[in-house]
Each structure stands twice: as C-alpha cells, then as structure tokens.
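Colleague: show me the folded form of this:
(2 chains)
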Amino acid sequence: MTMTFQLVLGAFLEAPEREFYGLELMNATGLASGTIYPILGRLEGLGWVESRQEDPDVGTREKRPTRRYYKVTADGLESGHAAIARAHRSRKQPAPWWLPRTGGAL
Amino acid sequence: MSIQPILAALPHELPPEQLRMVERAYTVAAFWHRDHRRRSGEPYIVHPVAVAMILAELDMDHELLCAALLHDVLEDSACTDTELLRDFDERIVALVRGLNALRHSADLEWCADERVLTLKLADRLHNQRTMEFLPRDKQRRKSRETLRAFAPAAARLGLEPIRQELEQLAGSVLSAPAEIRFTFHTVAIGATILPAEVRTRWLAEWLGELHALPGGCARLRFVVRLLWGMPRMAAVLRRPPLSVRDLLRPRVRVLLRCVRWLVRSDARVWTLLAPPLAWLVLDTAADRLGDAMVILITVPPVLAAGVRAVRARLEDRRYGE
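Modeller: Modelled structure (predicted):
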C-alpha cells in the first residue's frame, strides 16, 4: 500500500462520518489532483468509499456545478483500519493515534 | 456497453418478456448506430443508453425505455418506420415518432403526450450533461433554450429532479467564466482516455472543482496535475470489475502466500537455489574453471539481492494496493 493511498484512506478513517469532496481531500492530505482522483476511483472500486452527487438545489443557489461527496463505507472502515495497521506493522512504524488498538488484533 | 446499467438503475426487476423487449431495442439501436460517434468520440449508443438510464431512474415502463434506446434511430440512420414496426409495438414506435415531431422548443408547450415529453426531457438532460464538446455558441444557445422551455416543461410534469438538474447545468454553462471553460475543455480532451461509461461522471466532478478553486494559477495547477495523473486514472478505472478479480483472488493469494513463506527464510530460499547453482558451477567447471569461479563469485550476491527485493516488496504489498 503506497503512502499516498494511506494518506487518503487515513483522512477518511479519521473522520468516518464526514463527507469529503475532491478539493477538500487535496487540502487535507496535501496531495495533487492527479494523485487524489485515481485513489478515489480505486477506493470506490474496492467499495471502501461511496460517493453521491450533491443536491442540485445547492449548486443552483450558489451558482456553481454540483459537487460529488465521498464517504467511507462500513466495509471501508473495517478493511481500511486493518490495511493501515498492517502497513504500519510491516514498516515497523507506530500506528497512527486514531487507529483502534482493541486486543492488538488489528 | 450493454443494457446492464439500465437494469441496474431500475428500482425493480422487469418481467422476462419486457426484459427481452428492452434487450431487443438495445440490439436494434446498436445496429443502426454502429457507425455513428458522438462529438466526444464515444460510440453513439452511449447516448440512447444514458437516456434510457435517466428514465429507468424515474421508474418509467419498458415501452419508454425501448423508445429511449430507439429515439434517434429514425432520424439519424437509414432505419424506417416499417422496419421498426416489424420488431416493436406500435405504442413504442409512436413514442419515437412523437419525439421526432418535437423539432422546436416551442413545440414543448403544445405537446399533450406526457410520455413523449418525458422522453424529450431525458434526451435533453443527457445532452446538457455532455455539452462540453459542442461549440461554445451552441452550448449557450442550447442552455438558454433549456432554461426557457425544458426546465418549465419538467416543472409542469412534476419531474422536480430533472428540472433542478437542467437549471443547474444550463446556469453553469451561461455563467462560467471564459478561463474555466478553457481549462475544463483541456481536461475534457485529456479525459478521452477514460472509459466512456464513467467519463461524464468524472468530468462533472472536475467542473465543480474548477469552479471552487480560488484563482487562475490554482486552476492551472489543478489541471496540469490532473492531466499528469490521467493515465493512472484510466488504468484504475479500466481494471477488471471486482467479480472477475474475486475469481482470481484466491489463487493469487495462495501463490503469494507460498512465495512469501519461501522468501521469509534464507535457509528455505538457499535450499531451493543451491542445487541448480551448484550444478551450474560444476557443469561450467568441467570445461572452464575460470568461468565457474566467476559464476560462483557473482551469481549468489545477485540472487541474494533479488530475494531481499522480493521479500521487501511482498511485505509492502500485503494489502491490495
């Protein structure tokens, strides 16, 4: 798992209830557009995040096209935590603070 | 392309007979549009399928789905009324004929057939969604027409989501600054390498981002980096669907597990590599002792480096990415 993939996944896992749009994720992770969108496509393909089109009314009110929002799924939450924990273990790095440590199984 | 996206968009399953009818409409439309392309370069059939999907999302019946798939066949191909009537019910052909009769936006006001009007609105919605490949003047003219005639018609039929999206899309075309139009057009050209069925969805998303970016430099940086990552994006989106990968996954996993187990221990790796290496050295030594010495000195370190690299790679890639 690449570091950039971990960064994007980490942003979702840190705030599982939050919905992000592409630019927000770019700002949160410091990654470029050409890196973020392939990762979002991959995460969506894996079923780890789901996306929805913003309510068209909001776009009309703010005179801009609608945005697409991404949110981590239940499967993404579980598999993502496990994947990041393994990636940190294999690199012998301490796991991030937000990662659950229940029973040390993850 | 197939009718799968249409069926997936339907809130319920179609009875077998109606399903066969929709499949037939798709086959006929694909045949008559086989040589046609959209301005984006996509096969033309993408458009009728997208129109049918819009109607499927609105839970319209199979006749309207068939008419959506066939809606451009009479006007844009050599197919005739009689040929369509041989394969399809009169009601479906009447819908297609009714749509073709609505030539001007003013016609929407007198059109009394709600089904024909719904079909026309779905057709316009998809055209409005994929307008970026039209010349700028035409985009503006069509968008004004959308706001003047199509959005009110959608409101009259109570199709609120369609009205909202039409207004929002047309509004963004008419209000977009020239710079955003230019950068978006550049992205649209780069996005031609993405799979046709998802291209519009990503372009719509990037159009939204371009509007949200604060200035020209930020937009330019966004576009340049996006174009840089486009081949990777295309590779990600073109990977086999999960169902196919799931079939492959158990075997690949077993294979990876075996290789990982093997390379984890030096003893295991060298037990496997030592016999062929010894045979190679002895065989060479029989003829040329010097060459055998060279092999003995150079090959084991290279193999050891290779094993270390594979070990590191497998540990790093334990999870799918």
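Colleague: ok and the residue in chain B nearest chain A?
Modeller: residue B:229 (2.4 Å; CB to the nearest CB). Where C-beta positions appear, they are placed from N, C-alpha and C, glycine not excepted.
Colleague: check contacts around that residue.
Modeller: Counting by CB atoms under 8 Å, 6 or more residues apart in numbering or on different chains, residue B:229 touches A:32, A:33, A:34, A:35, A:37, A:38.
Colleague: quick one: which of those residues has the most company?
Modeller: Highest neighbour count within the contacts of residue B:229: residue A:37, with 26 neighbours (other CB atoms under 10 Å in any protein chain shown).
Colleague: while we're on it, how confident is the model there?
Modeller: pLDDT recorded at residue A:37 is 94.
Colleague: pretty sure it sits against residue B:226.
Modeller: Yes: contact criterion CB atoms under 8 Å: residue A:37 and residue B:226 qualify, at 6.9 Å.
Colleague: overlap of the contact sets of those two?
Modeller: Residues touching both residue A:37 and residue B:226 (CB under 8 Å, 6+ apart): residue B:206.
Colleague: chain neighbours aside, what residue packs nearest to residue A:4?
Modeller: Of all residues beyond its chain neighbours, the one nearest residue A:4 is residue A:35 (5.3 Å), with distances taken as CB to CB, 6 or more residues apart in numbering or on different chains.
Colleague: just list the residues touching that neighbour, thanks.
Modeller: With CB under 8 Å, 6+ apart, residue A:35 has these contacts: A:4, B:225, B:229.
Colleague: doesn't the last one belong to a helix?
Modeller: Yes: using DSSP: H, G, I helix; E, B strand; the rest coil, the secondary structure at residue B:229 is a helix.
Colleague: picking that back up, and the contacts of residue B:229, which two are the farthest apart?
Modeller: Longest distance between any two of these is 10.8 Å, between A:32 and A:38; criterion CB to CB.
Colleague: which among the contacts of residue A:35 gets closest to residue B:144?
Modeller: Among the contacts of residue A:35, and counting by CB to CB, the member closest to residue B:144 is residue B:225, at 34.2 Å.
Colleague: before we move on, back to that, ok now whichever strand or helix holds the residue nearest to residue A:4, how far from the chain's centre?
Modeller: Under the criterion of DSSP states H and E, residue A:35 resides in helix A:33-46. Taking CA atoms, centre = their mean, to the nearest Å, one finds the center of helix A:33-46 at 9 Å from the center of the full chain.
Colleague: helix or strand right after that helix?
Modeller: For helix A:33-46, the following helix or strand on the C-terminal side (DSSP H and E) is strand A:49-53.
Colleague: tell me which residues in that following strand are buried?
Modeller: Within strand A:49-53, the residues that count as buried by 16 or more other CB atoms under 10 Å in any protein chain shown are A:49, A:51.
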